[in-house]
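Visitor: sequence and predicted structure are below.
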Amino acid sequence: MPRVLLLLPTTTYRARDFLDAADSLDIEIVIGSDGRQTLEDLMGQRALVLPLGGGAENDVRASVAAIADANEKTPFDAIVGVDDGGIVVAAAASDRLGLPANDVAAVRRTRDKREQRSAFSAAEVPQPEYTALDPDDVRRLLAGERLDQIDHVTFPAVLKPPELSGSQGVIRVDAPGEMRAAAQRIVDIIKGSTEETEECSPGSGALVLEEFVAGPEVAVEAVVRSGNVRVLAVFDKPDPLDGPYFEETIYVTPSRHSDRDLRDLERVVAIGVGALGITEGPVHAEARLGDRGVRLLEVAARSIGGLCARALRFGVGVTLEEVILRHALELPVPVLVPEGAASGVMMLPIPHAGTLREVRGVDEARAVPGVVGLETTIPVGSAVVPLPEGDRYLGFLFGRGDDPAEVEDTLRRAHARLEIEIS
Ligand SMILES: Nc1ncnc2c1ncn2[C@@H]1O[C@H](COP(=O)(O)OP(=O)(O)O)[C@@H](O)[C@H]1O
Ligand SMILES: [Mg+2]
């Protein structure tokens with residue numbers, strides 16, 4: 001039986017889905033995680049406590065040493081990193097054990113939006129115009145100075161932290177005069193997230209300023225093998241993402257964009273992946289279809305976040321997690337034809353900040369024809385925080401149907417049945 005080390009950061013939503021996939025493939029799993037909670041929830045699994053630390057240098061070194069020790073006793077056939085918190089250690093430990101995986105520097109590059117932009121720029125990947133503000137620029141901006149770099153970007157623009165995800169700290173800025181307040185807000189968000197999870201590298205006080213690319217946004221799920229990018233699904237995001245904050249809601253696949261747009265998109269994603277040096281494993285890319293063509297927003301060396309992967313099934317019920325595990329073990333990956341006609345997910349929007357009191361209408365939402373799942377992921381009694389400060393999903397609603405328009409409609413109708421009480 002093949003043996004896989006699965007690196008699960010505490011913040012992951014996907015432990016269960018990966019374990020189910022391992023079960024159906026007859027794979028022995030050892031879990032590596034930084035959180036006792038994750039390990040307790042998954043009791044009965046063999047486990048390693050590792051300081052995944054989101055990729056901080058010392059933590060990576062300590063984790064790699066612990067993995068190498070464990071491997072001495074019983075070798076691993078593959079190491080799979082889940083979500084942003086697990087992928088740097090997975091690459092570094094695979095390298096140490098001689099297992100095929102991404103180059104560590106390439107994975108790190110995907111975790112820093114400044115480095116991504118400069119790699120894309122060097123390879124002439126179409127992307128938003130941008131300028132990187134280093135910590136000193138940011139200090140001057142906060143002190144009220146005007147920065148010359150701002151002239152490199154047309155407004156409206158987007159100001160963002162280089163190392164967060166899930167749209168946390170991403171703010172649309174309509175004019176240079178709004179830069180200072182937005183920067184202050186983002187710097188406070190970075191501070192908060194560093195204190196909470198110790199995940200951000202301490203030196204980060206940098207920001208990225210980009211031209212706001214208008215136009216519909218899409219997400220691409222793909223797997224890469226020996227540098228060849230194979231697109232598994234393209235999701236449309238039918239709710240406009242115009243800011244000032246970028247809360248994602250509905251994802252629906254297959255895409256309704258033209259074949260020509262989709263071909264351009266695939267081409268841009270493939271050169272973007274190559275520019276970053278990602279050669280193995282899942283990737284999740286986001287792009288805008290702007291007036292002047294596809295603009296690549298970002299590429300992550302992991303699969304789609306939250307529970308959104310549940311919106312995908314390939315062949316006869318094969319999950320994305322199974323595809324990822326098979327890929328890691330170099331097992332044949334089945335013909336990846338999406339199962340069924342159309343599917344989608346809604347990340348439940350957070351209407352305002354407060355304490356979650358009750359979610360009513362769950363049965364009614366589940367009863368809407370076409371709804372195949374609904375899960376809330378913030379317990380009643382906990383704080384809910386909207387973007388740009390928030391870093392957690394309220395829940396996920398899943399739908400299937402004959403075509404994408406029907407799925408979108410199903411998700412909207414089911415969401416309308418939910419009454420989310422926040423005080
Ligand atoms: N340059 C841009 N133009 C238009 N929208 C953008 C731009 N940058 C970010 N956004 C919006 O903000 C969202 C989050 O930004 P992104 O760079 O993907 O950071 P994160 O890692 O938090 O997902 C994007 O999905 C998009 O909707
Ligand atoms: Mg993104």
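Guide: Now that the structure is in, tell me what you want to look at. Quick caveat, the model's predicted, so the values are computed rather than measured. Ligands and ions are numbered 1, 2, ... in the order given.
Visitor: could you check how far the residue nearest to G277 when sequence neighbours are not counted is from S255?
Guide: Excluding the flanking residues, the one nearest G277 by C-beta to C-beta, 6 or more residues apart in numbering is A106, at 3.4 Å. (Each C-beta comes from the backbone N, C-alpha and C, glycine too.) A106 sits 27 Å away from S255, going by C-beta to C-beta, to the nearest Å.
Visitor: near ligand 1, which residues of the stretch 151-300 of the chain are found?
Guide: Selection of the stretch 151-300 of the chain residues close to ligand 1 by C-beta under 6 Å from any ligand atom yields 158, 160, 164-168, 170, 210-213, 217, 241, 246, 286, 288, 297-298.
Visitor: where does the stretch 1-150 of the chain come near ligand 1, residue by residue?
Guide: Contact residues, the stretch 1-150 of the chain versus ligand 1 (C-beta under 6 Å from any ligand atom): P128.
Visitor: can you map out the helices along the stretch 1-150 of the chain?
Guide: Assigned by DSSP state H, counting those that start in this stretch, the helices in the stretch 1-150 of the chain fall at 15-25, 36-41, 57-73, 83-97, 104-110, 113-122, 135-142.
Visitor: what's near enough to touch the residue nearest to G277?
Guide: Contact partners of A106, counting by C-beta atoms under 8 Å, 6 or more residues apart in numbering, are A91, L276, G277, I278, T279, A301.
Visitor: farthest pair in those?
Guide: Greatest spatial distance among the contacts of A106 (C-beta to C-beta): A91 and L276, at 12.4 Å.
Visitor: what are the buried residues along stretch 116-123?
Guide: Q116, R117, A119, F120 (16 or more other C-beta atoms under 10 Å).
Visitor: go on, stretch 130-143?
Guide: Y130, T131, A132, L133, D137, V138, L141.
Visitor: the fourth one pairs with what?
Guide: So the one you mean is L133. Note on L133: beta-bridge partners by DSSP bridges are L207.
Visitor: wait, it sits on V208?
Guide: Yes - taking C-beta atoms under 8 Å as the definition, L133 is a contact partner of V208 at 7.1 Å.
Visitor: G192 falls within a helix, correct?
Guide: Yes - the assignment for G192 (DSSP: H, G, I helix; E, B strand; the rest coil) places it in a helix.
Visitor: how about the nearest residue in space to it that is not next to it in sequence, secondary structure?
Guide: Of all residues not flanking G192 in the chain, E389 sits nearest, at 7.2 Å (C-beta to C-beta, 6+ apart). Following three-state DSSP, the label given to E389 is coil.
Visitor: what about E389, how many neighbours?
Guide: E389 has 16 neighbouring residues, counting by other C-beta atoms under 10 Å.
Visitor: roughly how far does it sit from ligand 1?
Guide: 13 Å (C-beta to the nearest ligand atom, to the nearest Å).
Visitor: now V359
Guide: Taken as C-beta to the nearest ligand atom, the span from V359 to ligand 1 is 25 Å.
Visitor: over to V89?
Guide: From V89 to ligand 1 the distance is 19 Å (C-beta to the nearest ligand atom).
Visitor: so who does that residue touch?
Guide: L7, G32, L50, L52, G55, D59, V60, S63, V64, I67, G81.
Visitor: give me the nearest residue to the fourth one, chain neighbours excluded.
Guide: Spelled out, it's L52. Residue nearest to L52 in three dimensions, not counting chain neighbours: D34, with 4.3 Å by C-beta to C-beta, 6+ apart.
Visitor: now do the same contact list for the one you found.
Guide: Contacts of D34 by C-beta under 8 Å, 6+ apart are P9, T10, V49, L50, P51, L52, G53, G85.
Visitor: just among these, which is most surrounded?
Guide: Counting by other C-beta under 10 Å, top hit in these: L52 with 31 neighbours.
Visitor: quick check: pLDDT value at it.
Guide: Looking at L52, its pLDDT is 85.
Visitor: do the one 5 residues further on as well
Guide: In the prediction, the pLDDT value recorded for E57 is 87.
Visitor: need phi/psi at the residue in the stretch 301-423 of the chain that ligand 1 sits nearest to.
Guide: Closest residue of the stretch 301-423 of the chain to ligand 1, C-beta to the nearest ligand atom: G305 (8.6 Å). Backbone torsions for G305, taken as degrees, to the nearest 10, come to phi -90, psi -180.
Visitor: show me the shaky parts of the protein.
Guide: By pLDDT under 70, the low-scoring segments of the chain are 36-45, 54-55, 195-204, 335-340.
Visitor: domain-wise, how is it divided?
Guide: Structurally, the chain divides into domains by automatic domain parsing as follows: 3-102, 104-127+213-300, 129-211, 342-423.
Visitor: among the ones you listed, which comes closest to R326?
Guide: Comparing the domains of the chain under C-beta to C-beta, the one sitting nearest is domain 3-102, at 6.8 Å.
Visitor: now do the end-to-end distance for that closest one.
Guide: 19 Å (C-alpha to C-alpha, to the nearest Å).
Visitor: so how far is it off the chain centroid?
Guide: On the basis of C-alpha atoms, centre = their mean, to the nearest Å, domain 3-102 sits 18 Å off its chain's mean C-alpha point.
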